[in-house]
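Student: Next come a sequence and a model predicted from it.
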Amino acid sequence: MSEQKEVDFGYKKVSAEEKTRLVREVFHSVAPNYDLMNDLMSMGIHRVWKFITVLLGNVRPDHCILDLAGGTGDLAGRFATQIGPQGEVVLGDINLAMLKVGRDKMIDAGLQERVKTVTLNAEALPFAKNKFDLLTIGFGLRNVTNKMSALKEMWRVLKPGGQAMILEFSTPTSATVKKVYDAYSFKILPKLGERVAKDRESYQYLAESIRNHPAQETLKDMVLSAGFDECEYHNFSAGIVALHRCFKY
Ligand SMILES: C[S@@+](CC[C@H](N)C(=O)[O-])C[C@H]1O[C@@H](n2cnc3c(N)ncnc32)[C@H](O)[C@@H]1O
């Protein structure tokens with residue numbers, strides 16, 4: 001029996017192929033309202049989490065950067081303003097609808113020459129080994145069917161001396177925050193999705209997928225077993241989100 005036979009899609013158990021298809025459907029459906037919903041759901045705080053991530057990326061003008069599962073390009077766009085003519089940003093995602101929104105945003109911001117858009121699966125990256133100085137995956141790993149394959153691929157395409165950053169929902173560090181956050185995620189979030197994006201199921205999946213995602217220490221162990229030499233994490237907003245900084249020597 002294959003290890004990938006049944007995987008989590010939110011609280012449902014489905015085949016690996018089915019999960020990849022369902023995740024594709026979720027992001028196809030949310031793409032037009034994705035940025036608006038991010039601002040509404042997090043009350044704008046996702047911008048702070050992303051700002052800190054970019055800051056800790058220590059971008060240099062000649063850096064070659066991959067924003068994996070980059071969706072509508074929030075991180076890619078921020079990186080693009082920091083590189084020079086020798087640098088490059090690749091915005092990679094499995095979902096064309098998300099990438100189209102991202103591409104339009106880059107054009108509107110005049111950044112289209114600096115950001116290359118690539119359709120890809122994080123589990124099998126179409127790049128040579130040791131290509132990127134910096135790699136980010138923001139709120140993406142949770143949705144990938146085989147997370148270990150994605151982590152191994154991230155390690156493979158990262159240059160020695162480079163950094164991969166995983167920004168993802170995580171496990172709250174305080175029981176009180178967890179209680180309030182659970183009530184918000186399961187009672188308010190799906191309603192917000194229904195009202196604004198006319199899509200309750202996708203936001204129910206969001207809440208469930210967050211609960212299934214490995215907690216801080218477990219993800220750190222996974223990162224190290226994927227081949228990275230060092231991993232440290234920072235909790236944001238009492239652990240609602242964590243940033244794992246992964247280093248390859
Ligand atoms: C929640 S969005 C995050 C978008 C963006 N990084 C951000 O922080 O706003 C998750 C993204 O992961 C993408 N995704 C899911 N599975 C993927 C995979 N196997 N390979 C690449 N992208 C994937 C989805 O298409 C979606 O655009």
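Tutor: Arrived safely, thanks for sending.
Student: State the helix or strand in which His46 lies.
Tutor: helix 45-56 (DSSP states H and E).
Student: helices or strands next to the helix or strand just after that helix in the packing?
Tutor: Moving toward the C-terminus from helix 45-56, the next helix or strand (DSSP H and E) is strand 64-68. When contacts are defined as 3 or more C-beta pairs under 8 Å, 6 or more residues apart in numbering; DSSP states H and E, strand 64-68 sits against helix 74-80, strand 88-93, strand 132-138, helix 147-157. Bear in mind the C-beta positions are built from the backbone N, C-alpha and C, glycine included.
Student: Leaving out the residues flanking it, which one is nearest to the residue in the chain that the ligand sits nearest to?
Tutor: Per C-beta to the nearest ligand atom, the residue of the chain with the smallest distance to the ligand is Gly71, at 2.7 Å. Leaving aside its chain neighbours, Gly71 sits nearest to Met98 (4.2 Å; criterion: C-beta to C-beta, 6 or more residues apart in numbering).
Student: How about the contacts made by the closest residue in space to Val30 that isn't next to it in sequence?
Tutor: The shortest distance from Val30 to any non-neighbouring residue, by C-beta to C-beta, 6+ apart, is to Ser202 (5.1 Å). By C-beta atoms under 8 Å, 6 or more residues apart in numbering, the contact set of Ser202 is 26, 29-30, 193.
Student: Repeat the analysis, applying 6 Å as the threshold.
Tutor: Residues in contact with Ser202 (C-beta atoms under 6 Å, 6 or more residues apart in numbering) are 26, 29-30.
Student: Take those and keep only those in helices.
Tutor: 26, 29-30 (DSSP state H).
Student: follow-up on the earlier one: how about the contacts of Ser202 in a markdown table, adding pLDDT?
Tutor: Below are the contacts of Ser202 laid out as a markdown table (pLDDT from 0 to 100):
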| residue | pLDDT |
| --- | --- |
| Val26 | 90 |
| Ser29 | 91 |
| Val30 | 92 |
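Student: For those, which single residue is the most surrounded?
Tutor: Comparing these by number of neighbours (other C-beta atoms under 10 Å), Val30 comes first, having 23 neighbours.
Student: And it, how far from Lys198?
Tutor: 10 Å (C-beta to C-beta, to the nearest Å).
Student: and what of Asn212?
Tutor: 25 Å.
Student: which one of these two has more residues nearby?
Tutor: Using other C-beta under 10 Å as the criterion, Asn212 and Lys198 rank with Asn212 on top: 12 against 9.
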